[in-house]
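Undergrad: Sequence plus the predicted model coming up.
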Amino acid sequence: MSLLTLDQVSVAFGHHPLLSKVSFSAEAGERVAIIGRNGAGKSTFLKIIAGEIIPDEGVIRVEGGMRVAQLPQELPAANNKTVREVVSEGGGDIHQLMQRYNELLADFDEAHHDELARIQNELDKRQGWDLDQRVNHMIQRLALPADKLMSELSGGWRRRVILAQALLSNPDVLLLDEPTNHLDVPTIEWMESQLKQFRGLILFITHDRRFLENLANRIIELDRGNMLSFTGSLSAFLDYKEKLLEEEERANALFDKKLAEEEAWIRQGIKARRTRNEGRVRALKALREERKERVNRQGTAKMTLDSKEKSGKLVAEFTQVAHSFGDKVILKPMDLVVGRGDRIGLIGPNGCGKSTFLKILLGQLTPNQGAVRQGTKLEIAYFDQLRDQLDPEKTVADNVGEGKDTIEINGQNRHIIGYLQDFLFPPERARTPVKALSGGERNRVLLAKLFTKSANLLVLDEPTNDLDVETLELLEELLMNYDGTLLLVSHDRAFLDNVVTSTIAFEGEGNVQEYVGGYEDWIRQGGKFPDESTAEVEKPEKAEKKTEAPKKVAEPAKTKSKLSYKLQREFDSMPDLLADLEQQLEELNEVTSSADFYTGDQEKVQATLAKLSETEQALEDAMERWVELEEMQNG
């Protein structure tokens with residue numbers, strides 16, 4: 001049964017249609033990736049479902065009582081609230097009722113008796129008394145530090161906290177807009193594992209192709225107001241889409257040829273006009289209207305890099321270089337040689353020292369120990385530095401051209417408006433203030449500004465954020481053909497695999513190693529993230545049960561005095577039962593997350609999904625029973 005249905009929905013801003021009579025339906029268990037060019041209406045689509053935007057026309061039908069939760073793109077504030085408090089806010093009205101109830105109890109006055117009774121009645125009706133228990137369960141499930149302040153957490157951990165907040169309401173639909181932005185790879189992989197266990201409907205927008213491949217079991221593309229739905233992998237969809245575009249181009253060419261023939265006919269001499277057929281004239285008018293209504297596909301960005309004069313064969317050399325900040329070791333003594341033409345990826349958790357490493361390599365920071373030798377004739381372009389150089393109040397043209405009408409590209413003068421069209425900014429958009437642009441458009445401005453600079457050493461820090469798939473692939477191709485030297489910091493695993501030839505991995509406690517190949521090659525060579533990241537990232541539930549469950553059983557003197565013999569045996573068996581259910585759930589998730597699962601025999605698909613749902617419910621029931629027995633034994 002469909003949780004959500006959109007019927008002939010349209011939305012337009014001015015003359016630009018984002019959605020044109022779009023129909024869509026989705027069921028529980030689907031994980032739907034929404035893709036499309038920057039500005040195609042992906043975020044608008046999510047806002048319609050969330051009820052934040054009312055469509056211009058069409059009908060939206062939802063199953064009765066359906067709960068929708070959102071994971072906002074912005075990180076929560078690093079304030080003085082505890083993790084427990086922020087997670088509890090996911091309870092919405094119930095959280096507010098519980099807060100008011102506790103306030104009244106703490107300062108009881110007979111005048112508040114009626115309000116207290118009303119709140120108690122409301123909490124009874126809405127089963128609100130178990131909010132604290134659900135908060136505790138969610139904190140345990142996501143391995144969160146309950147009593148830490150938000151100001152003490154990194155961005156990745158704060159992202160975990162708002163995911164817990166969103167899941168607390170037990171939503172039927174979960175909306176995610178760029179959930180992996182600014183997360184490191186360990187946290188992205190942790191998020192994948194958590195979302196695969198969600199039983200409801202997920203609709204998400206992401207620029208991370210590996211995240212999309214691993215999570216989505218359905219893809220919808222928004223293109224010029226239309227929606228295309230596809231079941232299968234991203235690579236299969238792109239092949240399918242390419243064929244559709246080829247067919248569209250052939251159909252448009254035939255249409256344009258027919259229109260040209262009719263236009264030539266109508267412009268013939270007096271004799272022809274006297275004898276022309278009125279039906280043919282009406283048909284020509286219809287053709288003209290149809291051509292006028294056609295929405296042409298936005299072109300492909302054209303990017304070129306000028307590497308200018310070649311650098312020396314040696315770009316940089318480390319000799320026993322080491323660095324620390326106080327007691328924190330960033331880099332243990334290491335040797336490294338960066339040669340001309342190398343394409344090197346830097347990977348590691350946020351805060352591990354990648355930026356410090358780059359500053360040392362580029363000569364911006366002197367290491368505590370060792371020597372750094374830089375090569376000759378280096379012309380450096382640094383993507384991260386450009387982020388602060390965009391003036392939001394100025395137009396795109398003024399930001400890129402720095403007030404000039406023409407710029408020099410590859411030795412030739414080009415008008416700034418023509419140059420920006422290569423980056424998919426038509427003249428009217430090139431004259432738009434940067435503050436009015438989408439995230440993807442701003443990143444294209446940054447790239448356009450970067451590529452005005454001649455460089456033989458290119459340093460890119462997270463260049464892929466918010467870029468659509470086609471622009472990502474174009475940037476990949478450009479970097480693969482770049483004859484200068486590239487240093488790339490990225491958490492986009494697919495981008496790294498496609499671009500770099502070697503990887504510098506930050507493996508914790510100052511251990512920095514160089515490996516041949518990209519991210520997957522690093523994994524195959526035994527690479528792993530620091531223990532402090534993976535301890536709670538890879539399988540938080542299992543790690544939690546392994547540490548907590550044995551501790552409960554290891555106190556027989558205490559438990560035997562509180563539980564009967566039968567209940568004590570049930571309590572002692574809980575760790576094994578939980579571990580078994582988790583193993584079953586993991587195996588089922590692996591089956592259902594495969595790219596071809598939903599294209600197989602439908603009876604088998606439904607049976608597997610039913611088994612998945614039963615196992616998830618069994619695990620939840622077992623967890624609740626374990627908590628119940630624990631409370632009984634502690635009296």
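TA: Cool, got the structure.
Undergrad: so Gly363 touches Val372, yeah?
TA: Yes: contact criterion CB atoms under 8 Å: Gly363 and Val372 qualify, at 6.8 Å. For every residue, glycine as well, the C-beta is placed using N, CA and C.
Undergrad: So between those two, which is more surrounded?
TA: A direct count of neighbours by other CB atoms under 10 Å for Gly363 and Val372 places Val372 higher, at 17 against 13.
Undergrad: which residues touch that one?
TA: 316-319, 321, 360-361, 363 (CB atoms under 8 Å, 6 or more residues apart in numbering).
Undergrad: What distance do you get for the nearest residue to Leu612 once chain neighbours are set aside to Arg141?
TA: Counting by CB to CB, 6 or more residues apart in numbering, Leu612 lies nearest to Leu588, which is 4.6 Å off, once chain neighbours are set aside. From Leu588 across to Arg141, the span is 17 Å (CB to CB, to the nearest Å).
Undergrad: and the two? which has more neighbours close in?
TA: A direct count of neighbours by other CB under 10 Å for Leu588 and Arg141 places Leu588 higher, at 20 against 17.
Undergrad: For that one, give me its contacts.
TA: When contacts are counted by CB under 8 Å, 6+ apart, Leu588 touches 608, 611-612, 615.
Undergrad: So which elements touch whichever strand or helix holds Thr503?
TA: Taking DSSP states H and E as the definition, one finds Thr503 inside strand 502-506. Using 3 or more CB pairs under 8 Å, 6 or more residues apart in numbering; DSSP states H and E as the contact criterion, the neighbours of strand 502-506 among helices and strands are strand 343-347, helix 354-361, strand 512-516, helix 519-524.
Undergrad: Now do the buried residues in it.
TA: When burial is assessed from 16 or more other CB atoms under 10 Å, strand 502-506 yields the following buried residues: 502-506.
Undergrad: Dump that strand to CSV, keeping only the CA atoms.
TA: Backbone C-alpha positions of strand 502-506 (Å, rounded to 0.1, in the frame of the first residue of the first chain) are rendered in CSV as follows:
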residue,chain,number,x,y,z
SER,A,502,47.8,7.1,-4.9
THR,A,503,46.3,7.7,-1.5
ILE,A,504,47.8,9.2,1.7
ALA,A,505,45.8,7.8,4.6
PHE,A,506,45.6,9.2,8.1
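Undergrad: Looking at it now, give me its mean pLDDT.
TA: Taken as a whole, strand 502-506 has an average pLDDT of 93.
Undergrad: same deal with stretch 78-90?
TA: Model confidence over stretch 78-90 averages 88 on the pLDDT scale.
Undergrad: I'd like the distance between Lys81 and Pro426.
TA: Separation of Lys81 from Pro426 (CB to CB): 45 Å.
Undergrad: If you count surrounding residues, which of the two has more?
TA: Applying other CB under 10 Å to Lys81 and Pro426 shows that Lys81 carries more neighbours, namely 17 against 13.
Undergrad: Pretty sure Phe45 sits against Ile34.
TA: Yes: with contacts counted by CB under 8 Å, Phe45 reaches Ile34, the gap being 6.1 Å.
Undergrad: list the residues that contact both of those two?
TA: Taking CB under 8 Å, 6+ apart as the contact rule, Phe45 and Ile34 both touch Leu222.
Undergrad: Between the two ends of stretch 125-134, how far is it?
TA: Taking CA to CA, to the nearest Å, stretch 125-134 runs 17 Å from one end to the other.
Undergrad: quick one: that stretch to chain centroid distance?
TA: Between the centre of stretch 125-134 and the centre of its chain there are 31 Å (CA atoms, centre = their mean, to the nearest Å).
Undergrad: Identify each of the strands in the stretch 401-550 of the chain and give its residue range.
TA: Residue ranges of the strands in the stretch 401-550 of the chain, as given by DSSP state E, counting those that start in this stretch, are 406-409, 412-415, 457-461, 485-489, 502-506, 512-516.
Undergrad: quick one: the last one to chain centroid distance?
TA: For strand 512-516, the distance between its averaged C-alpha position and the chain's averaged C-alpha position is 27 Å (CA atoms, centre = their mean).
Undergrad: Can you point out the buried residues in it?
TA: By neighbour count, and taking 16+ other CB under 10 Å as the criterion, the buried residues in strand 512-516 are 512, 515.
Undergrad: Could I get the average pLDDT for that strand?
TA: When pLDDT is averaged over strand 512-516, the result is 91.
Undergrad: Quick check: Glu493 vs Ile60, distance?
TA: Let me fix one detail, which is that residue 493 is Arg and not Glu. For Arg493, the distance to Ile60 (CB to CB) stands at 36 Å.
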